[in-house]
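> Got a sequence here, can you build the structure:
(chains A and B)
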Amino acid sequence: MALFLVWAHFASGEHVFRARVQPEPGWERFRVAYDVGYFGDDGQFVRAVQNGYNLFFYTDKYASRFTRRTASDTVHSCAGCHTVEDLAYSFVNSDRFDARAGTRMSFEDQVRRCYAQSLDGVVPTIYDPAVRDIRLLARAVAHHLQLGEGAVR
Amino acid sequence: MIAKLWKTGIALAALGGLYALSIYKHAERDEMRAAPVALTPGCADKLARYGLVADKFYRSPYVKARGGEPRAARGYSADDLRAIERGCNIIDDTQGELAKTSLERWNATRFIRGTQLKCDNCHQQQGDKQDAHGNRLKGSISLGASWVMADMYDRFTGLLLPYELRQMQCFINSSNGYKPNIADDLIRDVTAYSRFLSAALDLRIANHYEEQGIDEIAASDTLKQGDDYVRGEAIYRQKCAACHGPQAQGKVVNRRVFAPAIAGPNSWNMQSRNYFYFVNTILPGFICRNMPLGQENTLSNQECRDIAYFISNLPRPAGDKQGPLMALQQQLLMGVIPPLVRATERVTAPNGTSIREGDE
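So this is what the prediction gives:
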């Protein structure tokens, strides 16, 4: 058991065994541009935002359970259709009645719809980090842009 | 063979009945979502002042009245409007005292064990407490400010806590009840209302505002005399007992809650953050900034801590984590202590001076 734990932590390469999120290309630039290091003042939040960044730009790698798209597809990540600022505006305009769906749509509902339809995958639960961390990414960007509820471009 | 057919028939009929019932309940909810909302007086006033109407854009009258230039935010559809109105009603009248049917509050009482507590007890003035000049008040647990600061790391649960989960915690602990589903209309409508408040007050995402949360009072913010039960009881009797009753069991007048129970079976449980032995800075902070009504900020930090200490030593329900033995012990104490204290007071109090009459 002890050997397994040592291997899991140091040698497995599995990010689930460590708190640190894998830094992907562009993260440092993004972090500086959107003041993510300043925001939140706690490691958990920043890690979640970083994971959100990874999910957003490298969806096929970090949410492979929820998408059938691979790197060979033209659109294989959220970033294929949206910018992070789209995400922030969508966040502050969520929880509204959607006439097309005939119901109120939360931000999480929209993310799950993207996984199922645009990313040709399956729907994560509302609590899954694959949904939660995208919301936190949107929140961090919305904070940087100083958006308020219902902000329009 | 016939018996087998009968059994199968009965099982199918039962399943069909359940299906029909769920169809009926869904239709009932759909009808309620589309029905006009009868606002409580507090909500009618608040939402009118904030200019809530269905329109393409929303511009906050609050910001304009305070000399600012309101930004044009996305407006609300008729469906959004009703969700916001229902959310406000739920905050203001969680127990449904002013509703024709419990469904108008999405049967919120399903999730609350007691008969007295409502959201507005803590989140006062429909979750948006202001003074006479419209200034938002420090430590008043504003729902709008809570919404913009949601998703932060919560040191009590160790989670990045979304707004919806925070509401669930309120139902479980502060209302000593049960957890609604995250997608329940109850939760969604309260979220819709809170988001509208943040638009009306022009709050920005993840900025810190003074009215957000509790202005916590630690022991180091006092004269460091220690938290004292006897002092707490004396101040409680002087400042709080007239409304909340001598044993903090609340006061009900004409079947309407005048002041809620802050101990006993109708109060929050031992897992709530209001419970002094769990978090000893929150209840004192709430008391100092929000109590007594109309005389806020008049008690000293030490007095608030003493009152909180006294209240938390009165029997109240155990939370889920305390286990069945503690739950049994608390149930026994809640049954035994109040009559015992009343009997003792009858013996010890001078003629006619006991203040029992407010107790339910």
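
> in the chain, which spans are strands?
Just so you know, I chose chain A. Here chain A has its strands, by DSSP state E, at A:96-98, A:103-105.

> Hmm, no, I was thinking of chain B.
Taking DSSP E as the criterion, chain B carries its strands at B:57-58, B:73-74, B:153-154, B:159-160, B:251-253, B:256-259.

> Can you give me the neighbour number for the nearest residue to residue A:26 once chain neighbours are set aside?
Nearest in space to residue A:26, with sequence neighbours left out and distances taken as CB to CB, 6 or more residues apart in numbering or on different chains, is residue A:57 at 6.6 Å. Every C-beta, even on glycine, is put in place using the N, C-alpha and C of the backbone. Residue A:57: 20 surrounding residues under other CB atoms under 10 Å in any protein chain shown.

> about what we covered before: could you dump the strands of chain B to TSV with mean neighbour count?
Shown next, in TSV, are the strands of chain B (neighbours: other CB atoms under 10 Å in any protein chain shown):
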stretch	mean neighbour count
strand B:57-58	18
strand B:73-74	20
strand B:153-154	16
strand B:159-160	20
strand B:251-253	16
strand B:256-259	16
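
> so which of the ones you listed gets nearest chain A?
Closest to chain A of the strands of chain B, according to CB to the nearest CB: strand B:73-74, at 3.4 Å.

> tell me what that closest one is packed against?
When contacts are defined as 3 or more CB pairs under 8 Å, 6 or more residues apart in numbering or on different chains; DSSP states H and E, strand B:73-74 sits against strand B:57-58.

> how much space is there between the residue nearest to residue A:26 and residue B:263?
Applying CB to CB, to the nearest Å, the value for residue A:57 to residue B:263 is 53 Å.

> Also residue A:9?
According to CB to CB, residue A:9 and residue B:263 sit 48 Å apart.

> How about residue A:151?
Distance from residue A:151 to residue B:263, by CB to CB: 44 Å.

> cool, residue B:338 as well?
Taken as CB to CB, the span from residue B:338 to residue B:263 is 9 Å.

> Just give the nearest non-adjacent residue to residue A:122, would you?
Leaving out its chain neighbours, the residue that sits closest to residue A:122 by CB to CB, 6+ apart is residue A:66, at 5.6 Å.

> Quickly note the distance from that neighbour to residue B:124.
To residue B:124, residue A:66 is 42 Å away according to CB to CB.

> try residue B:326
Going from residue B:326 to residue B:124 by CB to CB gives 31 Å.

> and residue B:323, how many neighbours?
If you count neighbours by other CB under 10 Å, residue B:323 ends up with 11.

> Identify the residues contacting it.
Shown in contact with residue B:323 (CB atoms under 8 Å, 6 or more residues apart in numbering or on different chains): no residues.

> so what pLDDT did it get?
pLDDT for residue B:323: 89.

> Quick check: it vs residue B:330, distance?
As judged by CB to CB, residue B:323 and residue B:330 stand 11 Å apart.

> How about residue B:110?
For residue B:110, the distance to residue B:330 equals 22 Å [CB to CB].

> Tell me the residues of chain A that contact chain B?
Chain A has residues A:39-40, A:42, A:44-45, A:48, A:91-93, A:95-97, A:99, A:104, A:106, A:126-127, A:132, A:135-136, A:139-140, A:142-143, A:146-152 near chain B, with proximity defined as CB under 8 Å from any CB of the partner chain.

> in stretch B:279-292, what's buried?
Under the neighbour-count criterion of 16 or more other CB atoms under 10 Å in any protein chain shown, stretch B:279-292 has B:279-291 buried.

> again, but for stretch B:153-173
Within stretch B:153-173, the residues that count as buried by 16+ other CB under 10 Å are B:153-154, B:159-173.

> ok, and what's touching that stretch?
When contacts are defined by CB under 8 Å, 6+ apart, stretch B:153-173 is touched by residues A:40, A:42, A:44-45, A:48, A:132, A:135-136, B:111-112, B:119, B:146-147, B:150-152, B:177-180, B:182, B:187, B:190-191, B:194, B:268-269, B:271-273, B:279, B:319-320.

> Filter those residues down to the buried ones.
The neighbour count (16+ other CB under 10 Å) marks A:40, A:44-45, A:48, A:132, A:135-136, B:111-112, B:119, B:146-147, B:150-152, B:177, B:180, B:182, B:187, B:190-191, B:194, B:268-269, B:271-273, B:279, B:319 as buried among the contacts of stretch B:153-173.

> Tell me which of these fall in helices.
Among those, the ones falling in helices (DSSP state H) are A:44-45, A:48, A:132, A:135-136, B:119, B:146-147, B:187, B:190-191, B:194.

> Please consider this matter closed, and thank you.
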